[in-house]
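[1] fold the following and give me the result.
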Amino acid sequence: MLNYQNGDQRAFRELFEIHQKPVINFCFRFCQNRALAEDLAQEVFLRVYRGAAGYRPEARFNTWLYRIAVNVCLNETRKIHYRVQVDSIDRPGPKGGDDSPKQICDEEQADPGEKVASKQRGEMIARSLAGLPDQQRIALALRTYQEFSYEDIAGQMSCSEGKVKTLIFRARQSLKEMLKDFL
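    Reported below is the predicted structural model:
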């Protein structure tokens, strides 16, 4: 980031290549829509590009980057058109045809009943995550999926480390309550 601040355009490209997938994944966990997650990640990197002068090396770059990602995701939830959408990767795309490659049968593969149950669990967990308050969902996603420390999450969310621990604890408790009948 410091190289980019000093005018090296290749440095931004390098930052983008390193952090693109994790930022898209973070955004996806927030909105549950791949296309929207990619749009949100693009907005994050646009803000990084434009706001390079505002970066201070006292903070880790990851902390600064995910603070921007948190803000972009929160702004998206404030929009009127926000809807949580869960699409299955098992269903054919909008074309209606099955473009997936034919696969060789694996005898060790789970039986169809297990696949259905697994899919239902995944959808239920995604709906439950979407039902969490924004702050809890963000804190839990940063800790669980991005594996940030409580200190880093506190910096990204502009709150105390204790509040982060409380948010994560409450998110986990809420998920247990929402999923107790299902799991």
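[2] low-confidence stretches in this protein?
    Applying pLDDT under 70 to the chain flags the ranges 80-113, 183.
[3] what's in contact with the longest helix belonging to the chain?
    Looking across the chain with DSSP state H, the single longest helix is helix 9-31. Outside helix 9-31, the residues that touch it by C-beta atoms under 8 Å, 6 or more residues apart in numbering are 1, 3-4, 34, 36-38, 40-41, 44-45, 48-49, 52, 61, 65-66, 69, 72-73, 76, 82, 84, 129, 137-138, 141-142, 145-146. C-betas here are computed from N, CA, C, even on glycine.
[4] same deal with stretch 168-183?
    Stretch 168-183 is contacted by residues 121, 124-125, 128-129, 131-132, 136-137, 139-140, 143, 150 when judged by C-beta under 8 Å, 6+ apart.
[5] next one: stretch 40-53
    So stretch 40-53 is contacted by 1, 4-5, 12, 15-16, 20, 23-24, 27, 30-31, 65, 68-69, 72-73, 76 (C-beta under 8 Å, 6+ apart).
[6] returning to that earlier point: most surrounded residue in the contacts of stretch 168-183?
    residue 139 (29 neighbours; other C-beta atoms under 10 Å).
[7] give me the most central residue, this structure.
    In the chain, the centroid-proximal residue (C-alpha atoms, centre = their mean) is residue 26; its distance is 1.9 Å.
[8] I'd like the distance between that residue and residue 182.
    Per C-beta to C-beta, to the nearest Å, residue 26 is found 25 Å from residue 182.
[9] do you know how far residue 64 is from residue 122?
    Residue 64 is 32 Å from residue 122, by C-beta to C-beta.
[10] which of the two has more residues huddled nearby?
    Using other C-beta under 10 Å, the more surrounded residue of residue 64 and residue 122 is residue 64, with 20 against 13.
[11] in what helix or strand does the more buried one lie?
    Using DSSP states H and E, residue 64 maps to helix 61-77.
[12] repeat for residue 49
    Counting by DSSP H and E, residue 49 is found in helix 34-50.
[13] again with residue 123
    Using DSSP H and E, residue 123 falls in helix 112-130.
[14] who are the packing partners of that helix?
    helix 134-144, helix 161-179 (3 or more C-beta pairs under 8 Å, 6 or more residues apart in numbering; DSSP states H and E).
[15] okay, those, which one's buried deepest?
    Across the helices and strands packed on helix 112-130, averaging neighbours per residue (mean count of other C-beta atoms under 10 Å) puts helix 134-144 on top, at a mean of 21.
[16] many thanks, have a good one.
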